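Visitor: sequence first, predicted model second:
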Amino acid sequence: MTFSELNLIDPILKALQAEGYTQPTPIQEQAIPHLLAGNDVLGCAQTGTGKTAAFAIPVLQMLHNQKNRASNTIKTLILTPTRELAIQINESFAAYGKNTGVRHTVIFGGVSQHAQVQTIKRGVDVLIATPGRLLDLIGQGFISLKHVEFFVLDEADRMLDMGFINDIKRIIPMLPKQRQSLFFSATMPPVIQALADTILINPVKVEVTPVSSTAEKVGQAVYFVEKNDKRDLLRHLLTDSEIDRVLVFTRTKHGADRVAKDLNKANIQAEAIHGNKSQNARQRALSNFKAGSTRVLVATDIAARGIDVEELSHVINFELPNEPETYVHRIGRTGRAGNAGVALSFCDSEERAYLRDIQKLINKQIKVDANHPFGLPEHLSVNLEHAKKPKGPAGREPRNRAASNNGNRAGGNRPTGNSNGGNRSGGNSSSNGRTSGSNSGDSRSGGNSRGSSWRGKNTRGSGLGRTSSREA
């Protein structure tokens, strides 16, 4: 199927053609017709499947077709958990809607509100927002949602992880009851399903690429290594020039800074991106990475949402995540837009249970690469079946939510209050126990050793369009 077969208008088709998009992804092929027909849609799809275009294209078309669109009222609200993802969605609307005349803007915390307020006062059709800044500007009287016709809640599971569910529940009553709603989430735990039930009316469910699956074109390998040897192994693997652009995941913000500093000392260009960085610093690091001037970007999980680099050759899990679904999201950063990719993971003796859970989820044994100088003794590296999960304080296993967010006490960082009402993805969390928006799911990365069959540059996949290249 091609985009021209989805009954899209010429202005959008021309924009897609200019972007080099030819074939819709499965989520786009299934969701777009239902959205154009006016149905509520519940979409379950992991990162890299093209969710952004799946809702942006029909919203743009429906707004373009409105003959008497009011100039100073917000017609579409898109809520997303992080500033990076919000910026990316705004860029997608600019690309797909450049011929439609639809006006859009993005608001998020961590920066001055002045420019955002001035743009809203001039009038926009589409508002892309993070929950904290949206509620702040609503409270100040700068934003009204009473004319919203299309509501999109994106990355709902990450909204839950970051403690935004109560904010969402405050925002929903401010919307008109007569509206079309779109709800997207990579996973669908009971609390997220319950939230969807309060937002959607007789929704069409679209589910593609289950979270338990991983990109077919992504080669995977694991390196068993002691915790104290991980940085040495990372430097060792990065001597391979074929690892030309790599995203490295760490658990904490401090860990990301430490890894980036260590790499720079070894003359390997690296920058860290996480919630404690200013918005300008985060955008500069991301721009340098996309341009290729920075070879290694070290990130926490939530900060990585919205990183969209089409030709990302490698993802390295410096630490394994304690939530196996997070592993799938991480490695989905490579192997995008029809390209091949490589995902490498470091596993120390305390993370073997996490590896076991990951392999159970993806129903696949990840290849062990022992061709490196920092390997664990064989008896530690092969027996995962009876591995026990690390115990937290007082013998308790760490809670998933706390362990998966960068502000958690297990990572050594106590959450701090967010006094400015800005986007909590900036790494702050309020005193009511919300964890930091700068999620840093447990992942330590390892690159392939020289000569490994898992190494290699990205190659274009045959017969695949580039429709997912802008997906978060």
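Guide: Now that the structure is in, tell me what you want to look at. Please read all numbers here as calculations on a predicted model, not as lab measurements.

Visitor: can we go C-alpha only for contacts and neighbour counts from here?
Guide: OK.

Visitor: ok so residue 20 is a strand residue?
Guide: No - using DSSP: H, G, I helix; E, B strand; the rest coil, the assignment for residue 20 is coil, not a strand.

Visitor: what about it, how many neighbours?
Guide: 12 (other Cα atoms under 10 Å).

Visitor: what are the phi and psi angles of it?
Guide: Main-chain dihedrals, residue 20, degrees, to the nearest 10: phi 80, psi 20.

Visitor: I'd guessed residue 64 sits against residue 101; true?
Guide: Yes - between residue 64 and residue 101 there is a contact at 7.2 Å, judged by Cα atoms under 8 Å.

Visitor: between these two, which one's more packed in?
Guide: Set residue 64 next to residue 101 and count neighbours by other Cα under 10 Å: residue 64 wins out with 19 against 13.

Visitor: for that one, what are its contacts?
Guide: For residue 64, the contacting residues are 100, 101, 102, by Cα atoms under 8 Å, 6 or more residues apart in numbering.

Visitor: just the ones of those in helices?
Guide: Among those, no member falls in helices (DSSP state H).

Visitor: give me the pLDDT for the residue nearest to residue 164 when sequence neighbours are not counted.
Guide: Nearest non-adjacent residue to residue 164, counting by Cα to Cα, 6 or more residues apart in numbering: residue 131, 7.1 Å away. What the model reports as pLDDT for residue 131 is 95.

Visitor: in stretch 359-371, what counts as buried?
Guide: The neighbour-count check on stretch 359-371 (16 or more other Cα atoms under 10 Å) flags 361, 362, 366, 369, 370 as buried.

Visitor: looks like the fourth one contacts residue 225 (just checking).
Guide: It stands for residue 369. No - contact criterion Cα under 8 Å: residue 369 and residue 225 do not qualify, at 10.7 Å.

Visitor: how near is residue 236 to residue 227?
Guide: 15 Å (Cα to Cα, to the nearest Å).

Visitor: same deal with residue 175?
Guide: 49 Å.

Visitor: swap in residue 160?
Guide: 30 Å.

Visitor: save the contacts of residue 64 as CSV, and put in distance to residue 318 and pLDDT too.
Guide: Output for those, formatted as CSV (distance: Cα to Cα, whole Å; pLDDT from 0 to 100):
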residue, distance to residue 318, pLDDT
100, 43, 93
101, 44, 91
102, 42, 94
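
Visitor: pLDDT below threshold where in this protein?
Guide: Scanning the chain for pLDDT under 70 picks out 46-48, 67-71, 209-216, 302-308, 310, 336-339, 377-472.

Visitor: now with 50, please.
Guide: Filtered on pLDDT under 50, the chain yields the residue ranges 385, 391-472.

Visitor: outline the domain layout of it.
Guide: 3-207, 214-472 (automatic domain parsing).

Visitor: need the winner for burial among those domains.
Guide: domain 214-472 (a mean of 21; mean count of other Cα atoms under 10 Å).

Visitor: run the chain-centre distance for stretch 146-158.
Guide: Centroid separation for stretch 146-158 versus its chain: 17 Å, with Cα atoms, centre = their mean, to the nearest Å.

Visitor: just stretch 36-47 next, same as before
Guide: 18 Å.

Visitor: re the thing from before, redo the buried residues of stretch 359-371 as JSON lines? Include secondary structure and distance to residue 169.
Guide: Shown next, in JSON lines, are the buried residues of stretch 359-371 (DSSP: H, G, I helix; E, B strand; the rest coil; distance: Cα to Cα, whole Å):
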{"residue": "361", "secondary structure": "helix", "distance to residue 169": "31"}
{"residue": "362", "secondary structure": "helix", "distance to residue 169": "33"}
{"residue": "366", "secondary structure": "coil", "distance to residue 169": "40"}
{"residue": "369", "secondary structure": "coil", "distance to residue 169": "47"}
{"residue": "370", "secondary structure": "coil", "distance to residue 169": "49"}
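
Visitor: ok, the contacts of residue 64 vs residue 125, which is closest?
Guide: Minimum distance to residue 125 across these is 6.2 Å, recorded for residue 102 (Cα to Cα).

Visitor: quick one: the closest one from residue 43, how far?
Guide: 24 Å.

Visitor: do residue 286 as well
Guide: 28 Å.

Visitor: and residue 54, by the same measure?
Guide: 10 Å.

Visitor: same check, this time on residue 16
Guide: Distance from residue 16 to residue 43, by Cα to Cα: 22 Å.

Visitor: check which helix or strand covers residue 330.
Guide: When secondary structure is defined by DSSP states H and E, residue 330 falls within helix 324-331.

Visitor: for the helix or strand that comes right after that helix, list the C-alpha coordinates in CSV.
Guide: As assigned by DSSP H and E, the chain's next helix or strand after helix 324-331 is strand 341-347. Extracted in CSV, the C-alpha atoms of strand 341-347 (Å, rounded to 0.1, in the frame of the first residue of the first chain):
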residue,chain,number,x,y,z
GLY,A,341,21.1,-1.7,13.5
VAL,A,342,23.0,-3.2,16.4
ALA,A,343,22.0,-3.3,20.0
LEU,A,344,24.7,-4.3,22.6
SER,A,345,24.2,-4.8,26.3
PHE,A,346,26.5,-5.0,29.3
CYS,A,347,25.5,-7.4,32.0
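
Visitor: by contact count, what packs against strand 341-347?
Guide: Packing contacts for strand 341-347, counted by 3 or more Cα pairs under 8 Å, 6 or more residues apart in numbering; DSSP states H and E, involve strand 218-224, strand 314-318, strand 444.

Visitor: just send the ones you listed back as TSV, with distance to residue 146 too.
Guide: Shown next, in TSV, are the helices and strands packed on strand 341-347 (distance: least, Cα to Cα, whole Å):
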stretch	distance to residue 146
strand 218-224	45
strand 314-318	43
strand 444	45
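
Visitor: residue 201: which of these is closest?
Guide: Here strand 218-224 is closest among these (Cα to Cα), at 37.1 Å.

Visitor: could you give the angle of that closest one to strand 341-347?
Guide: 20 degrees (axes from the mean of the first three to the mean of the last three Cα atoms, to 10 degrees).

Visitor: strand 218-224 pairs with which strands?
Guide: The strands beside strand 218-224 in its sheet (DSSP bridges) come out as strand 341-347 (parallel), strand 367-368 (parallel).
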